[in-house]
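Student: Need a 3D model of the following:
(one chain, ligands or ions: 2)
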Amino acid sequence: MRKRYFSLAVAGVLAFLSAGCINRQLANDMPQPPSIDGYQLADAGLGGQLYDDWPRVVHTRLSEQNPLYPRRGEFHVTNTYRCKSCHGWDFSGNQWSAGDGGEAHRVRGRSQVRELPPGQLYQTIARGPAGHAFGDYLTRQEVWALVRFIREELIDPSKVIAADGRVAGDAAKGRALYEQRCADCHGSDGRGIDLRRKDGVQGVGWRVAGNPVVALHRVRWGRSSKMHYTGRMRGGKPSGRADLQLSDQQILDILAYCSELPKR
Ligand code: HEC
Ligand code: HEC
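Tutor: Ligands and ions are numbered 1, 2, ... in the order given. Modelled structure (predicted):
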């Protein structure tokens, strides 16, 4: 008897969860043109997280390589759908690679993208060709969040990160901020959270020195944590902008300090 109630409860929970998924109103389910109000209400911070890794943010699994991705087998399937995999972290595409740890970005740079009208960006993202119709997976709100992020929040990293990976910030100011806002989780020496778990501890110093562009993006916008999924830590990485209320310049100061922390 007990067992039966238990399986009914499980079935109920599953039905509830799948109803939640079905209720996501995807952008391409709605044929009418997008209304520009969506742009004014959009959350650019959500856009930053989606730009990094939208399949992870909206819990989508993809089974085949993106047909638009130019090389087979270079990335795990899901990664061929992430905006950054093709466009780079700032739409410089294949044209600028200093400071991104040698990641491959395979499409032409598009640095003028910030100036495109919101409606046009919306269409390109939601209703592009095969492999670029992200409205099949994202809601209107999410597509607008990407549009707003692209128009208002992209940072041109060539202005803030030197060719040798040095971050343009004041490390002395950064140190004080790091101690207040970051050290609780990452430790004073940056090694409190092991970001790679291979060959010793690789903490914030390792990450910022090796790939400052990714670090800048993820400290600005946060990230749903891998460690969260494996049960090692609750919650995700906080957003420097929204959760910790830091300005971009303060974040750059902090990163300048982080690059002086131990690499291992
Ligand atoms: C598989 C590779 C790939 C992925 C992943 C990808 N794109 Fe694209 N995207 C392209 C290509 C190719 C073009 C056309 C570029 C050209 O014309 O040179 C393009 C064009 C664009 C444009 C128009 C640029 C312009 O100047 O007109 C925008 C905006 C854009 N993509 C946004 C995104 C966003 C946002 C994501 C993530 C949700 C994304 N893309 C993911 C390959 C990709
Ligand atoms: C509440 C705890 C917490 C605080 C506070 C915090 N972080 Fe993190 N941070 C995390 C977690 C958890 C991760 C790992 C995310 C993952 O699983 O990829 C992380 C990852 C990172 C990464 C690596 C990102 C990547 O994946 O490449 C950097 C860099 C970083 N944090 C810097 C900072 C800085 C700088 C601050 C202060 C402004 C800060 N963090 C504040 C929890 C925190």
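
Student: in which helix or strand would I find Lys159?
Tutor: Secondary structure assigned from DSSP states H and E places Lys159 in helix 157-160.

Student: and that helix, how far from the chain's centre?
Tutor: Averaging C-alpha positions (Cα atoms, centre = their mean, to the nearest Å) puts helix 157-160 18 Å from its chain's average.

Student: For that helix, name the packing helices and strands.
Tutor: If you count contacts as 3 or more Cβ pairs under 8 Å, 6 or more residues apart in numbering; DSSP states H and E, helix 157-160 packs onto helix 212-221. Every C-beta, even on glycine, is put in place using the N, C-alpha and C of the backbone.

Student: which residues touch the helix it packs on?
Tutor: Contacts to helix 212-221, defined as Cβ atoms under 8 Å, 6 or more residues apart in numbering, come from residues 45, 48-49, 52, 84, 89-90, 99-101, 103, 153, 155, 157, 160-161, 165, 167, 204, 207-208, 237, 239-241, 248, 251-252, 254-255, 258-259.

Student: can that helix be found next to ligand 2?
Tutor: Yes. For helix 212-221 and ligand 2, the contact criterion (Cβ under 6 Å from any ligand atom) is met by 214-215, 218-219.

Student: Phe149: which of the residues you listed is nearest?
Tutor: For the residues of helix 212-221 next to ligand 2, the closest approach to Phe149 (Cβ to Cβ) belongs to Arg218, at 13.8 Å.

Student: Spatially central residue for this protein, please.
Tutor: Residue closest to the average C-alpha location in the chain (Cα atoms, centre = their mean): Asp52, at 2.5 Å.

Student: Low-confidence regions, the protein specifically.
Tutor: Residues of the chain that meet the criterion pLDDT under 70 lie in 1-23, 31-33, 93-106, 225-235.

Student: those helices in it, which residues are they?
Tutor: With DSSP state H as the criterion, the chain has helices at 2-22, 37-41, 44-57, 83-87, 118-126, 140-152, 157-160, 171-181, 183-186, 204-210, 212-221, 226-229, 248-258.

Student: quick revisit: mind listing what's buried along the helix holding Lys159?
Tutor: 157, 160 (16 or more other Cβ atoms under 10 Å).

Student: Kindly report the domain assignment for this protein.
Tutor: What automatic domain parsing lists as the domains of the chain is 25-154, 159-258.

Student: of all these, which lies closest to ligand 1?
Tutor: Each of the domains of the chain has some distance to ligand 1 by Cβ to the nearest ligand atom; the shortest is domain 25-154, at 2.9 Å.

Student: ok, the closest one near ligand 2 or not?
Tutor: No. Contact check for domain 25-154 against ligand 2, using Cβ under 6 Å from any ligand atom: none in range, with a minimum separation of 9.0 Å.

Student: How far does that domain sit from its chain's centre?
Tutor: Counting by Cα atoms, centre = their mean, domain 25-154 is centred 10 Å from the centre of its parent chain.

Student: gap between the two ends of that domain?
Tutor: 27 Å (Cα to Cα, to the nearest Å).

Student: cool, stretch 134-147 as well?
Tutor: Taking Cα to Cα, the span from the opening residue of stretch 134-147 to its closing residue is 12 Å.

Student: contact partners of that stretch?
Tutor: Contact partners of stretch 134-147, identified using Cβ under 8 Å, 6+ apart, comprise 24-28, 30, 34, 38-39, 41-47, 50-51, 54-55, 58, 60, 83, 118, 121-122, 125-128.

Student: Output those of those also counted as contacts of ligand 1.
Tutor: Among the contacts of stretch 134-147, the residues lying close to ligand 1 (Cβ under 6 Å from any ligand atom) are 54, 83, 121, 125.

Student: count of neighbours near the nearest residue to the third one once chain neighbours are set aside?
Tutor: For Leu121, the nearest residue in space outside its immediate sequence neighbours is Val147; the separation is 4.5 Å by Cβ to Cβ, 6 or more residues apart in numbering. The burial metric for Val147, expressed as a neighbour count using other Cβ atoms under 10 Å, is 27.
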